[in-house]
Each structure stands twice: as C-alpha cells, then as structure tokens.
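Visitor: Need a 3D model of the following:
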Amino acid sequence: MSEFAINAASEVIMHFDLKLEDGSAADSTRVNKKPAKLVMGDGSLTPNFEACLLGLQKGDKKSFTLAPEDAFGQPNPDNIHHMDRNRFSNDLTLEEGVIVAFAQPDGSEVPGIIRSVAGDSVTVDFNHPLAGQTVIFDVEIVDVINNASAAH
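Guide: Okay, here's the model as predicted:
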C-alpha cells in the first residue's frame, strides 16, 4: 500500500455528501465549503465505513452505499423515552419533529427528537436521526496525513 494511501492510523481530510436512498441530502461538507477531518480508528466512524476508505488516496472520489447496520445502526427501542411535560421549559414548543438538546451529567448535550406529545406525556427519541436508514456516501479525499511512526 502506498505511503499516501489511507491506512488504519491515517488522518483524513475529505469532502462528503451523505444522501438517503431516495436521493435526498442528509448532510454535506460542501455546504460550508469546509472539509471534514477525521482520524481513522478514533471511533467517529463505524468500522465498515472506515473499511471503505482504506487504500484511497488524495484526489480519489468514491461512492458507497451503507446498510443501516454499517452506518448509523438500527433504531434501539431503549433509546425512546416517555417523559413528563413538566421536565421541559414552558416556553419550549413541543411538537412532533422538534429536536431538543438534553444536558448530560458530564455537561455534554444529547439531541432528542420529539416523536409525540399526548397530554402530559412527551415521547422523545434519542436514536440517531439516520438510524435505520440505508445511506449513500460520496467522498472526495482532499488529503491523507500518515505519520510514519503511527504506521507501524
């Protein structure tokens, strides 16, 4: 494999377009003209997505389709929670499809999608919005940085 090819420890700078099977756009780095930067093996991508990138080099363009299990996973019923209306701010509009950020004990935030509101019960889905979807990634490798010491 070339020293310029993506390996298991590469730092990769790439543009990507993420689409659903129906062709609708889900995400794209081109919108802000700012490529994504990732380190292979850091856990930000699924192993199957990383496997699709292995061996690609600067300037390469590739499109690949990932099944839900290889992309954002299947929805997990344990990630759907029924919460009492009084846990939400009164000035927050709670309706289906609204995304609400929930503070975690460590200070980070987790987004939840309101799935339904019935009386005082609010159903919140903490699954990734693309869980259960087959996705199409179009990638363009902008640069590959391989640290010689990290390659072996």
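
Visitor: Contact partners for the nearest residue to G119 once chain neighbours are set aside?
Guide: Leaving aside its chain neighbours, G119 sits nearest to R85 (7.6 Å; criterion: Cβ to Cβ, 6 or more residues apart in numbering). Glycine gets a C-beta too; all of them are placed from N, C-alpha and C. By Cβ atoms under 8 Å, 6 or more residues apart in numbering, R85 lies in contact with L94, V117, G119, D120, S121, V122.

Visitor: helix or strand for the residue nearest the centre of the chain, which one?
Guide: For the chain, F72 is the residue whose C-alpha lies nearest the centre (Cα atoms, centre = their mean; 6.6 Å). Using DSSP states H and E, F72 is not contained in any helix or strand.

Visitor: Make sure it is actually in contact with L130.
Guide: Yes - in this structure, F72 is within contact of L130 by Cβ atoms under 8 Å, at 4.3 Å.

Visitor: quick one: D70 and P129, what's the gap?
Guide: 17 Å (Cβ to Cβ, to the nearest Å).

Visitor: Repeat that for A25.
Guide: With Cβ to Cβ as the criterion, A25 and P129 are 13 Å apart.

Visitor: now D78
Guide: Applying Cβ to Cβ, the value for D78 to P129 is 17 Å.

Visitor: More neighbours: the two, which one.
Guide: Remark: of D78 and P129, P129 carries more neighbours, 13 against 8, as counted by other Cβ atoms under 10 Å.

Visitor: List the contacts of the more buried one.
Guide: I113.

Visitor: Mind telling me what element it is part of?
Guide: Counting by DSSP H and E, no helix or strand carries P129.

Visitor: Helices of the chain, start to end?
Guide: Here the chain has its helices, by DSSP state H, at 47-53.

Visitor: which residues does the residue lying closest to K62 once chain neighbours are set aside bridge with?
Guide: The shortest distance from K62 to any non-neighbouring residue, by Cβ to Cβ, 6+ apart, is to V139 (5.5 Å). Beta bridges link V139 to F16, K62 when assigned by DSSP bridges.

Visitor: Could you report the neighbour count for V139?
Guide: Count around V139 with other Cβ under 10 Å applied: 22.
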